[in-house]
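Visitor: Show me the folded form of this:
(one chain, ligands or ions: 2)
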Amino acid sequence: MSDSILSRNSILKIDGVSKTFSTKAGVVKAVDDASFHAGWGEVTVIIGPSGSGKTTLLYLVGSLEKPEAGAIEVSSTDICQSDFDLASYRRSGVGFVFQFFNLIPTLTSLENVTLPMDLAGVPKPDQERRATDLLARMGIDDQRVQRSKPTKLSGGQCQRVAIARALANDPDLILADEPTGNLDTATSKSVTELLGALAHEDGKCVLIVTHDESILEIADQAFHMTDGKLESVGA
Ligand SMILES: Nc1ncnc2c1ncn2[C@@H]1O[C@H](COP(=O)(O)OP(=O)(O)OP(=O)(O)O)[C@@H](O)[C@H]1O
Ligand SMILES: [Mg+2]
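Guide: Ligands and ions are numbered 1, 2, ... in the order given. This is a model prediction of the structure:
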């Protein structure tokens, strides 16, 4: 890790984090002593083969899993301590983008984006206005598309809605797991550019785990992950 990364005002600090799973086949060290820092306005990309621990690392940062060793700090707060406000963190501290979009099929695009706002207690009149703006920012400005359910949309449109949903409560941190894994090349490129803009224009901290080497184009720092271990690729 370069000195400049260490000296920057990091929002995300992962220090010596490990996670093992006990399975019938034995103990798997999914994340093995991982450390890196990431700042505001930066894209961090972690590339690795299947089973290397990428999703587990993302879930640790998103507090969907707990590490058994190491520390994870977000904005100088240890997210693993017992009195950390997990509900608030998940609601508005962090936004997730997934490979298969994970939109709610019975809700329209607009409703998928307003739902997290509803859960966070955003006043109703503000929800729709903000969701419409976020969808337009993601290139979904057609009202018919905004009022359509995910089954009527293309993969690229679904991922744009999913990114708008991740931004619903304006989190500092965006976590993306194989965000282009289900998209064609041209659509992957535009979704990658949107994720880059979230960091480089909006100042968010964007962490992407992927097999897709083309995402390295937007990386400010990058790591290879192999058998749970991170190695800098000095992007
Ligand atoms: N909940 C779990 N219980 C048991 N083992 C798990 C669990 N989650 C992950 N693992 C194991 O941890 C290792 C890392 O898995 P992980 O899903 O993090 O890899 P990945 O890099 O995201 O893979 P892929 O590219 O296929 O998504 C694998 O050996 C996996 O089987
Ligand atoms: Mg994975």
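Visitor: For the rest of this, base every contact and every neighbour count on C-alpha atoms.
Guide: OK.
Visitor: List the buried residues of stretch 177-187.
Guide: Judged by neighbour count (16 or more other C-alpha atoms under 10 Å), stretch 177-187 contains these buried residues: 177-180, 182-183, 187.
Visitor: Pipe these into CSV and attach pLDDT and distance to A25 per row.
Guide: Shown next, in CSV, are those (pLDDT from 0 to 100; distance: C-alpha to C-alpha, whole Å):
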residue, pLDDT, distance to A25
D177, 97, 26
E178, 96, 26
P179, 96, 30
T180, 95, 31
N182, 93, 30
L183, 92, 33
T187, 93, 39
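Visitor: Out of those residues, list just those in strands.
Guide: Counting by DSSP state E, the buried residues of stretch 177-187 place D177 in strands.
Visitor: If we ignore the residues flanking it in sequence, what's nearest T132?
Guide: Spatial nearest neighbour of T132, excluding adjacent residues (C-alpha to C-alpha, 6 or more residues apart in numbering): L110 at 6.9 Å.
Visitor: Against which helices or strands is the strand or helix carrying that neighbour packed?
Guide: Secondary structure assignment for L110, by DSSP states H and E: helix 109-119. Where contact means 3 or more C-alpha pairs under 8 Å, 6 or more residues apart in numbering; DSSP states H and E, helix 109-119 is packed against helix 124-137, helix 143-146, helix 155-166.
Visitor: Phi, psi for C205 please.
Guide: The phi and psi torsions at C205 (degrees, to the nearest 10) take the values phi -100, psi 120.
Visitor: quick one on the thing from earlier: list the contacts for the residue nearest to T132?
Guide: 128, 131-132, 135, 146-147 (C-alpha atoms under 8 Å, 6 or more residues apart in numbering).
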